[in-house]
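Enquirer: Show me the folded form of this:
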Amino acid sequence: MAVVAFAVAWWLGLYLLARGGRRTVPRRAGIGLLGFALALPVDELWPTGPVHGLLLCLPAVLWTGVLVRLLPEPLADALDPWWRRVLLPVTTVAAVAGSLAGTVAMLVAAALVLVPLVVAVWLLVAHRATVRPDGVGELVAVTLLLCTLPSALLLFGLRVWDHELLLVGIAVDLAVLGVGVAVLDAFGEGEAVRRDMLFSALVAGGTAVLFGGQVLLATALVGDWPALRVLLYGVVAAAVAVQVLARPLSWVADRLAFRTVPALRRSRTELREVADGLPKRAERIALAELDDAEFTRLTRRALSGYGDLGKLVASPLTALPAIDARLAARGAADTPLERARELKALLADAIARLKPAGGEFGTSEEWRHYNALHFYYVAGVRPYSVRTKVTELDPPARRALAWFADQVPERTLHNWQAAAARLLAADLRAGLPTH
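Expert: Presented below is the predicted three-dimensional model:
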């Protein structure tokens, strides 16, 4: 049962990290799940030491950070710096120090972890009306609390309930937690989650049973050796990781195997992105029935995936009537890949219509909406990132980069993009049938 709970937590953690990318909520939830997964073998094999203490507390601290980011934006923006700069480092130091100082100090560290979690649960339930889809935020909050308390009992060695019963309960709570966070993330991205998550769970579970079962067979034949326990956890972790991280692993292999054929690498990457995006594709929805806020949200999500055909494949905006007309006009096949390409072209055309007359770049007020979308999404200018390579930009994009970096705060650019996305959404919505 410990290995099953480990496998569930390990898979969910990797799945949320792979799905969420740099997004805060799935990243924190994923790292917390990975921390809990590692805590199980460490507690079984090396039940003392600073690593053990850290892994006892880290998951709940990160899950508190998840709840903080699910609060309404003004409250989340106010509390998140406190979580990052105070709670996270203080509890980390307290957990390590407590594991070295003794049981009382460790209980103090546990209190530092659990009290903020309970407060965060209360805040999220109090502001549940702001979390979409309805009910999922409350489910995540309550599940985190129900998961953390039995986890603490298990890892602190408090035998209040049967050990096997605790493990079963934790595994169920973790599964509900992972599904809840994935649903929240998918809703925010305008994607579906059920088919993608089910496929990942089936393949990960199958590979874990296939390879981990061989270690269990060896254990049955030669006895329960500590080395075989370590091997069992390692084999299950590797089997699950290879499945969940197949896309980045394939990208690394392509870089090594096809380093002299960049066109082949790009084609293979594009096909993988589309293949990964298809299970996340939401069923066609009635776009004309959406309100302005929801349609604008989908437009912003499509803009954020402008350079990623996998994300565009999953966008509900691929069902726009304008895309049907564009496909028919050029006689293209009605496939998910072609629809994603047409959506990308449609967004580019709509952004181009925001451009004022005269020149390629300007800094007056009438240019702000075009600049905020074209240079950031189409031209790929990232003014606040050290990864931006100036040599790869054309002259107008270089001027835009310098202007953004020197004159436009990041928050201001974010506000301009939000306003421009509303204009873009209104433009796209103009082509929808009216009732």
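Enquirer: what's downstream of the helix or strand harbouring residue 173, the next helix or strand?
Expert: Per DSSP states H and E, residue 173 falls inside helix 163-189. Later in the chain than helix 163-189, the nearest helix or strand by DSSP H and E is helix 194-222.
Enquirer: Does anything pack onto that next one? Which helices or strands?
Expert: The elements that helix 194-222 packs onto, with contact taken as 3 or more C-beta pairs under 8 Å, 6 or more residues apart in numbering; DSSP states H and E, are helix 2-20, helix 226-244. From N, CA and C alone the C-beta is placed, and that goes for glycine too.
Enquirer: out of those helices, deepest packed?
Expert: helix 2-20 (a mean of 24; mean count of other C-beta atoms under 10 Å).
Enquirer: how far does the following helix or strand past that one sit from the chain's center?
Expert: Note on helix 2-20: by DSSP H and E, the next helix or strand toward the C-terminus is helix 24-45. Mean-position distance between helix 24-45 and its chain equals 15 Å (C-alpha atoms, centre = their mean, to the nearest Å).
Enquirer: picking up where we left off before, can you tell which of the helices and strands packed on helix 194-222 is closest to residue 357?
Expert: Ranking these by proximity to residue 357 (C-beta to C-beta) places helix 2-20 first, at 41.0 Å.
Enquirer: Switch the helices and strands packed on helix 194-222 over to a markdown table; also include distance to residue 41 and mean pLDDT.
Expert: Shown next, in a markdown table, are those (distance: least, C-beta to C-beta, whole Å; pLDDT from 0 to 100):
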| stretch | distance to residue 41 | mean pLDDT |
| --- | --- | --- |
| helix 2-20 | 6 | 88 |
| helix 226-244 | 4 | 89 |
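Enquirer: Show me the one of the ones you listed that comes nearest residue 331.
Expert: With C-beta to C-beta as the measure, helix 2-20 is the member of the helices and strands packed on helix 194-222 nearest residue 331 (35.4 Å).
Enquirer: C-alpha coordinates for that closest one, PDB please?
Expert: Taking C-alpha atoms only, helix 2-20 is exported to PDB below (Å, rounded to 0.1, in the frame of the first residue of the first chain):
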ATOM      1  CA  ALA A   2       2.900   2.400   0.600                       C
ATOM      2  CA  VAL A   3       4.100   1.800  -2.900                       C
ATOM      3  CA  VAL A   4       0.600   2.400  -4.300                       C
ATOM      4  CA  ALA A   5       0.300   5.700  -2.400                       C
ATOM      5  CA  PHE A   6       3.800   6.600  -3.600                       C
ATOM      6  CA  ALA A   7       3.000   5.800  -7.200                       C
ATOM      7  CA  VAL A   8      -0.300   7.800  -7.100                       C
ATOM      8  CA  ALA A   9       1.500  10.900  -5.600                       C
ATOM      9  CA  TRP A  10       4.500  10.600  -7.900                       C
ATOM     10  CA  TRP A  11       2.400  10.300 -11.000                       C
ATOM     11  CA  LEU A  12       0.000  13.100 -10.100                       C
ATOM     12  CA  GLY A  13       3.000  15.400  -9.200                       C
ATOM     13  CA  LEU A  14       4.700  14.800 -12.500                       C
ATOM     14  CA  TYR A  15       1.500  15.100 -14.400                       C
ATOM     15  CA  LEU A  16       0.600  18.500 -13.000                       C
ATOM     16  CA  LEU A  17       4.200  19.700 -13.600                       C
ATOM     17  CA  ALA A  18       4.100  18.500 -17.200                       C
ATOM     18  CA  ARG A  19       0.600  19.900 -17.800                       C
ATOM     19  CA  GLY A  20       1.000  23.200 -16.000                       C
END
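Enquirer: what's that helix packed up against?
Expert: Judged by 3+ C-beta pairs under 8 Å, 6+ apart, the packing partners of helix 2-20 are helix 24-45, helix 163-189, helix 194-222, helix 226-244.
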